[in-house]
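In: Everything below, folded, please.
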Amino acid sequence: MKEEDVAISVLTVQGLVQGVGFRPFIYRIASEMNICGEVDNRNNGVCIRAVLTSAQRELFIERICRERPKVASIHRITISEKIEAKNPYTDFRITPSRSESDEVTQVAPDIAVCPECLRDRKMQAHRLQYPFVNCTHCGPRFSIIRDLPYDRGQTTMSAFSMCPSCRKEYTTVCDRRFHAEPVACNHCGPSYYALYNKVKVTNYPELLDLSSRLLREGEVIATKGIGGYHLICDARNEKAVSRLREVKQRDGKPFAVLFRDIENIRRYVSLNEPEEESLLSWRRPIVLLKQLRALAPSVNPGMETLGCMLPYMPIHSDWFEQLDTPALVMTSGNISECPIAITPEEAEKQLAGKVPLLLHHNREIHNRVDDSVLQICGGQPCLIRRSRGYVPEPFFADIPVEGILAFGAEKVNTFALGKGETILQSQYIGDLKNWETYRFYKESLERFQHLFRFRPSLLVCDLHPDYLSSREAERYASDLHLPLLHVQHHHAHAAACMLEYGLDEPVIALVLDGTGLGDDGKAWGGEIFLCDRREYKRLSHLEYVPLPGGDKASTEPWRMAVAYLWHYYGNEIPFPIGFRERIGEAKIQMLLKMMEKGINTPYTSSAGRLFDAVASLLGVCDISTHQAEAPVKLEQLASDEHQSRYSVLIEKEFISMRPVLEGILEDLAAGVPVAELSARFHNTLAWLLVEMAKRYRKQTGADKIVISGGCFQNKRLTEQLQRMFTEAGIPLFVSGRIPCNDGGVAVGQLAIAASRKRQL
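Out: Numbering: from 1, shown residues only. Take a look at the predicted model:
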């Protein structure tokens, strides 16, 4: 290096570093340290070029990691050095974004409005009561982005030209809105509008008064939010909530509730510290909590848990300033089973004439996102639905995943793609058997591939050939002439949990689920595997029993009650008192003939269907109005006071539940309370899983235990296992950031495909 040459340090910061105020943050600390250079956005992250001594560089990187914006996350900082003939910098500056490769950085999820922006609405003249206020620390991100790098022109905000005031903030480095791409105000930004009584209303205070009055009067209204429309009513008004069920065409599935503040949440539910942290986080998910006091009975009929969330848009806070209610029901704005509506046209088509007010806004939603749902199990946040506030934040893989596209399951669908060393999981899609949801699935597949500059080279789907996700994978494989890997459903469940914790060694996987096609053509769902992320060996499973009517059995738990009893008792079934009367003799006889003749009666090892059978036998739920209603009600009934359990018959290759069913029937006849019976059933399953894990640890030498599958949404069972495995000193890994239900299958599929690809 010549004496006059200058060494320029090039730092590339990868992670969640765009759309979160990262460049102004870098500018601030560089200015404080008298560093000369520049920072810009690239497809693969934030690039810093600066003249640094070795001591400066060390301190600079330390401060970047320690002082980063709270929403930002740093995966890696790579460092290189370039030699320049002369120093090109006299100060530090932020330069325009560059698009130089197909590498991509993380795209920020949508972020709840921050306290500073809420204050600005009361103090800044051009933002007084402005409902779309945002800054570099908050506001829409994923829902509005069309392309990378993340700049205003690549978002749906490109339709709005900044006024001089917003432009000044946007270009002033020390301003909180410097390069906040959705920056806007009353003079230049998006706005609400509605057609009410055939008159178009555009004045926000007037619309706020109107919507508040309708809510106060017990009406149901629809409002466009960040990721789609919501249906809203007063959570204390039974007439309004009942009307909402009619509009939504939803019988018994619980509604989520938006509370005024954390103090009001505490009045209605029990709340621990991790639950409160989740509620107050910038992600603002729905958190499932134990209910103490009831709102309107139809909010969550027959349930003891309540899905709670806090305001994350300015209009939510505005409503509570005008209303005296502590809570509003806020559920996705769509007819049941359809995807959440995102355009005025979709909302009008589904909801016009059913609600008195459809409150629209003119900021386009490019990517629809439902509210996310989680619960806390043993102090650990466990996602149930991963969407707004989380997507598209990636999972970092410990092996190459580039080019792998995983199509997911059929119900609770998500898909996932591998980009570099990251796995990008889609937002919650839903049940693909619904045509509109399937269309949303295909649209999102295309948009993710475009946004993340993704070119598939290997496809992976479920083993079941009739899943619509599998059919879509077959179409891709045919059209693009790409290899397609089929992965067993429950192995994918286990692999998703393993990837979350970076486990790539043999583990004992306990997978309790609804149903998924097994290697032998039967419907699996109560499985014990020895597996890694490539292969698995089925060590044991719940005994096969008839599944009369196939998928129909999941919506009519009484079928599984009859199936289990017929399997163990033949035609001399000792039905519990009242069972025949509840179900009807004709229906029972029809089912018995189906099973005797093998008509539409596959066999299953499903743990989910076992829960259904017990729930029906106990008279808890014979017909489910929504997914997993019977197991959830059975769980909620279980008393915490009883520690007893039933016997289980552990055969060489399977586990028989006959002693459990016999014990339940005897206890029912003896008049044992249902709460005690449910507790015994849960205690039995927990004991069984721990016992089997201990046995197979000794036999196989595998040390760690992984649990996954939809049945582990059962908080009682999961927390029992967490306690029991801790007491036994056995490492247990519980799905948290990746849903344990079918929403996590795509990530597991991708992890398996990547591991097998590496072996080739």
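In: What segments of the stretch 551-700 of the chain are helices?
Out: 552-555, 557-569, 579-583, 585-597, 607-617, 629-637, 658-669, 674-700 (DSSP state H, counting those that start in this stretch).
In: before we move on, what about the stretch 201-350 of the chain?
Out: Applying DSSP H, counting those that start in this stretch to the stretch 201-350 of the chain gives helices spanning 204-216, 238-248, 262-268, 273-280, 314-322, 344-351.
In: what about the helices of the stretch 551-700 of the chain, which gets the closest to C36?
Out: helix 674-700 (58.9 Å; CB to CB). Where C-beta positions appear, they are placed from N, C-alpha and C, glycine not excepted.
In: Could you tell me which residues make contact with Y89?
Out: By CB atoms under 8 Å, 6 or more residues apart in numbering, Y89 lies in contact with C36, G37, E38, R49, A50, V51.
In: again, only this time at 10 Å
Out: V6, I8, I35, C36, G37, E38, R49, A50, V51 (CB atoms under 10 Å, 6 or more residues apart in numbering).
In: Is it located within a strand, as I assumed?
Out: No. Assessed with DSSP: H, G, I helix; E, B strand; the rest coil, Y89 is coil; it does not lie in a strand.
In: Need the phi and psi values for it.
Out: phi -120, psi 140 (degrees, to the nearest 10).
In: Likewise for I8?
Out: Dihedral angles (degrees, to the nearest 10) for I8: phi -100, psi 120.
In: got it, and C188?
Out: phi -140, psi -10.
In: CSV for the helices of the stretch 201-350 of the chain, including mean pLDDT, mean neighbour count and distance to L358?
Out: Listed next are the helices of the stretch 201-350 of the chain as CSV, based on pLDDT from 0 to 100; neighbours: other CB atoms under 10 Å; distance: least, CB to CB, whole Å:
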stretch, mean pLDDT, mean neighbour count, distance to L358
helix 204-216, 98, 18, 10
helix 238-248, 96, 19, 12
helix 262-268, 97, 15, 27
helix 273-280, 98, 16, 29
helix 314-322, 98, 19, 14
helix 344-351, 94, 17, 6
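In: Nearest to L359, out of the ones you listed?
Out: Per CB to CB, nearest to L359 of those: helix 204-216, 5.9 Å.
In: Dump the closest one to CSV, keeping only the CA atoms.
Out: Extracted C-alpha coordinates of helix 204-216, given in CSV (Å, rounded to 0.1, in the frame of the first residue of the first chain):
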residue,chain,number,x,y,z
TYR,A,204,-61.8,11.6,9.6
PRO,A,205,-63.2,13.2,12.8
GLU,A,206,-66.7,12.7,11.2
LEU,A,207,-65.9,9.1,10.4
LEU,A,208,-64.6,8.5,13.8
ASP,A,209,-67.7,9.9,15.4
LEU,A,210,-69.9,7.9,13.1
SER,A,211,-68.1,4.6,13.7
SER,A,212,-68.0,5.2,17.5
ARG,A,213,-71.7,6.0,17.5
LEU,A,214,-72.6,2.8,15.7
LEU,A,215,-70.4,0.7,18.0
ARG,A,216,-72.0,2.4,21.0
